[in-house]
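Novice: Here is my input, please return the structure:
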Amino acid sequence: MMDWILFVSRWFGSAVCHQFHDHSYQIAGVPLPLCARCTGMYLGALLTLIFHAWRHPRASGAPRAWVLFALVLFFFAWAGDGANSFAATLARLPHLYPPQNILRLVTGTLMGITIGSLVFIIFNAMLWRAPNPASIFATRREFFALVALGALLVLIVQGEFDLLLYPLNLASLVAILALHTILVTAFLANLTRPASNWRQALPLFALSALIALAYLSAIAFLRAWLLPGL
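Specialist: Coordinates of the predicted model:
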């Protein structure tokens, strides 16, 4: 009865991820709709957006220099592990270490924190007529709390608990749609008048959701048509 969650999450996942089975976590024998790296990246970004929205809803200020440095390091960890994995599994080139899903998940989650923080700043700066100029991380404790939540996310996915089959598929689907909707909203808001409140912003947000659904569906359909065996 809930298999539609598996189908829809895998359908939209195919628009943003290669979905190689050996690169993905298996829950109750079913691969997640995103590979380990994309699972960490999208769920990490969703976690970050929720965290920032809870702590500082309209903040648009950049974090302190040391936090920016940490976020840049997260990016390089993600890119480096991705390059190593590509060299080992696809290009058959010399590589530094054997690729592992746990490393893909960890570096993906760290990258998700970076992406979520950047997207949150851009979204608030573009959408609101009077965004809060305060930093998205008010204290050092907030940054480390978010990293700790990311570590908890890694442990949950790594555990591959059968009960989490549908929750993790649903969370992946929400993460994909939410992140792309927010990005489209920020782009459209840059072309229109900024909003003063959510009542003004909701029509733009709804339009952005439709646009995101449309182009993600088009990409998924195109992939299914050109690469039916994947």
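
Novice: check contacts around G13.
Specialist: Taking Cβ atoms under 8 Å, 6 or more residues apart in numbering as the contact definition, G13 lies against 19, 33-34, 38, 172-173, 176. For the C-beta atoms, the positions are set from N, CA and C on the backbone; glycine is no exception.

Novice: Kindly state the pLDDT recorded for it?
Specialist: Per-residue pLDDT puts G13 at 97.

Novice: how near is it to S196?
Specialist: Separation of G13 from S196 (Cβ to Cβ, to the nearest Å) stands at 36 Å.

Novice: What residues of the host helix or strand of A87 count as buried?
Specialist: A87 is part of helix 65-89 when elements are defined by DSSP states H and E. By neighbour count with 16 or more other Cβ atoms under 10 Å, helix 65-89 contains the buried residues 67, 70-71, 74, 77-78, 81-82, 84-85, 88.

Novice: relative to helix 65-89, how tilted is the next helix or strand after it?
Specialist: Next helix or strand after helix 65-89 toward the C-terminus (DSSP H and E): helix 101-127. Relative orientation of helix 101-127 and helix 65-89, computed by axes from the mean of the first three to the mean of the last three Cα atoms, to 10 degrees: 130 degrees.

Novice: What residues does M41 make contact with?
Specialist: M41 neighbours (Cβ under 8 Å, 6+ apart): 78, 108-109, 111-112, 115.

Novice: Output stretch 102-117 as CSV, nothing but the C-alphas.
Specialist: Output in CSV follows, covering the C-alpha atoms of stretch 102-117 (Å, rounded to 0.1, in the frame of the first residue of the first chain):
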residue,chain,number,x,y,z
ILE,A,102,30.4,5.0,4.8
LEU,A,103,32.9,7.5,3.4
ARG,A,104,30.5,8.5,0.7
LEU,A,105,27.8,9.0,3.3
VAL,A,106,30.0,11.0,5.7
THR,A,107,31.4,13.3,3.1
GLY,A,108,28.0,13.7,1.4
THR,A,109,26.5,14.7,4.7
LEU,A,110,29.3,17.3,5.3
MET,A,111,28.7,18.7,1.8
GLY,A,112,24.9,18.8,2.6
ILE,A,113,25.7,21.0,5.6
THR,A,114,27.7,23.3,3.3
ILE,A,115,25.0,23.3,0.6
GLY,A,116,22.1,23.8,3.0
SER,A,117,23.9,26.8,4.7
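
Novice: Not counting sequence-adjacent ones, nearest residue to the most centrally placed residue in the chain?
Specialist: By Cα atoms, centre = their mean, the mean C-alpha position of the chain lies nearest to Y42, the distance being 2.0 Å. Spatially, and ignoring its direct neighbours in sequence, Y42 is nearest to A175 (3.9 Å; Cβ to Cβ, 6 or more residues apart in numbering).

Novice: Repeat that for L146.
Specialist: Closest to L146 by Cβ to Cβ, 6+ apart is F51, at 5.2 Å.

Novice: count of neighbours near the one you found?
Specialist: Neighbour count of F51, defined by other Cβ atoms under 10 Å: 21.
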